[in-house]
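Chemist: Need a 3D model of the following:
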Amino acid sequence: MSTTSPPPAHRKLGRPSDTAKRAAIVGAASRSFFERGFAATSLEQVAADAGVSKVTIYNHFRDKRTLFIAAVERECARMKGHFSIEDAPGGAIRDRLRAIGEAMVAFLSRPEMIRFEHRIAAETESDPQIGLAFLEAGPRRMKRAFGEFLEHAVRGGELDIADPAIAAEQFVSMCKGMGDLERRFGAHPSRAAIQKRIDSAVDVFLAAYAPR
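Modeler: Numbers count the residues shown, from 1 in each chain. Got it, this is the predicted structure:
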């Protein structure tokens, strides 16, 4: 009887490598898009930064715009955890809304995010599709995720909202207040002012949507 061990089961070696390559490409593209903007980002440089060939990029992404969408989705995934039903902070609805507001404002206030939005807005003037792609992959995606969080709170009896999508817009707008305009034109609200704005947004939101 042979004592030779059977050969190991065949493993699909390509998939982990492909996954790692895709992650490296999106990471490199994200850094480039946020630092340089869409127009100034070249696929050749992304390939060099990711340690892959340009052909490999095209194996994973149809074109530069598809890669741009993936990069924006990657960035927004960092924020989505605050909205997801599984990962959202626990506690009373007031505390959860306050935590979401604080995380959202901190996310949008980062200097690299502000620079990125400025560049994309400028590039949208010559290529409107870039702006639309950003809106769909970023802000609208986050709005849907927050709307799902609010719907879950409604089903749990914590909120009474007829239109969670509109309510999501209202909450975000109140938390940001004039913050976007202030940062765009060089003003930097204090931490206390930001917190006061968020706390007031939560108060107004619950006054409107807490169950009676």
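
Chemist: what distance separates the longest helix seen in the chain from the centre of its chain?
Modeler: As assigned by DSSP state H, the longest helix anywhere in the chain is helix 14-36. Here helix 14-36 is found 16 Å from its chain centre; the criterion is C-alpha atoms, centre = their mean, to the nearest Å.

Chemist: Just list what it packs against, helices and strands only.
Modeler: In terms of contacts (3 or more C-beta pairs under 8 Å, 6 or more residues apart in numbering; DSSP states H and E), helix 14-36 is packed against helix 43-50, helix 54-60, helix 64-80, helix 111-124. For every residue, glycine as well, the C-beta is placed using N, CA and C.

Chemist: Pipe the ones you listed into TSV and attach mean pLDDT, distance to residue 180 and mean neighbour count per row.
Modeler: Below are those laid out as TSV (pLDDT from 0 to 100; distance: least, C-beta to C-beta, whole Å; neighbours: other C-beta atoms under 10 Å):
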stretch	mean pLDDT	distance to residue 180	mean neighbour count
helix 43-50	95	29	17
helix 54-60	94	33	15
helix 64-80	84	16	18
helix 111-124	84	9	16
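
Chemist: got these as CSV, with distance to residue 151 columns?
Modeler: As requested, these are exported to CSV (distance: least, C-beta to C-beta, whole Å):
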stretch, distance to residue 151
helix 43-50, 37
helix 54-60, 33
helix 64-80, 15
helix 111-124, 27
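
Chemist: Just checking, which helix or strand of the chain averages the lowest pLDDT?
Modeler: When the helices and strands of the chain are scored by mean pLDDT, DSSP states H and E, helix 179-184 comes last with a mean of 80.

Chemist: Please give me every residue in contact with the residue nearest in space to the middle of the chain.
Modeler: The centre of the chain sits closest to residue 76, judged by C-alpha atoms, centre = their mean, with a distance of 1.1 Å. Going by C-beta atoms under 8 Å, 6 or more residues apart in numbering, residue 76 touches 137, 138, 141, 142.

Chemist: What is the burial count for the third one?
Modeler: Number of residues near residue 141 (other C-beta atoms under 10 Å) recorded here: 18.

Chemist: Look up phi and psi at it.
Modeler: phi -60, psi -40 (degrees, to the nearest 10).

Chemist: Could you pull out the buried residues of the least confident helix or strand of the chain?
Modeler: By 16 or more other C-beta atoms under 10 Å, the buried positions in helix 179-184 come out as 179, 183.

Chemist: go on, stretch 205-212?
Modeler: 205, 209.

Chemist: Over to stretch 134-154?
Modeler: Buried residues in stretch 134-154 (16+ other C-beta under 10 Å): 134, 137-139, 141-143, 145-154.

Chemist: So which of those residues belong to strands?
Modeler: Judged by DSSP state E, strands contain none of the buried residues of stretch 134-154.

Chemist: So which of those are in helices?
Modeler: Per DSSP H, the subset of these in helices is 134, 137, 139, 141-143, 145-154.

Chemist: Which members of the contacts of residue 76 are the farthest-apart pair?
Modeler: Farthest-apart pair in those is 137 and 142; separation 9.8 Å (C-beta to C-beta).

Chemist: what separates the nearest residue to residue 151 once chain neighbours are set aside from residue 209, distance-wise?
Modeler: Closest residue to residue 151 apart from its sequence neighbours, by C-beta to C-beta, 6 or more residues apart in numbering: residue 164 at 4.9 Å. When distance is defined by C-beta to C-beta, to the nearest Å, residue 164 is 10 Å away from residue 209.
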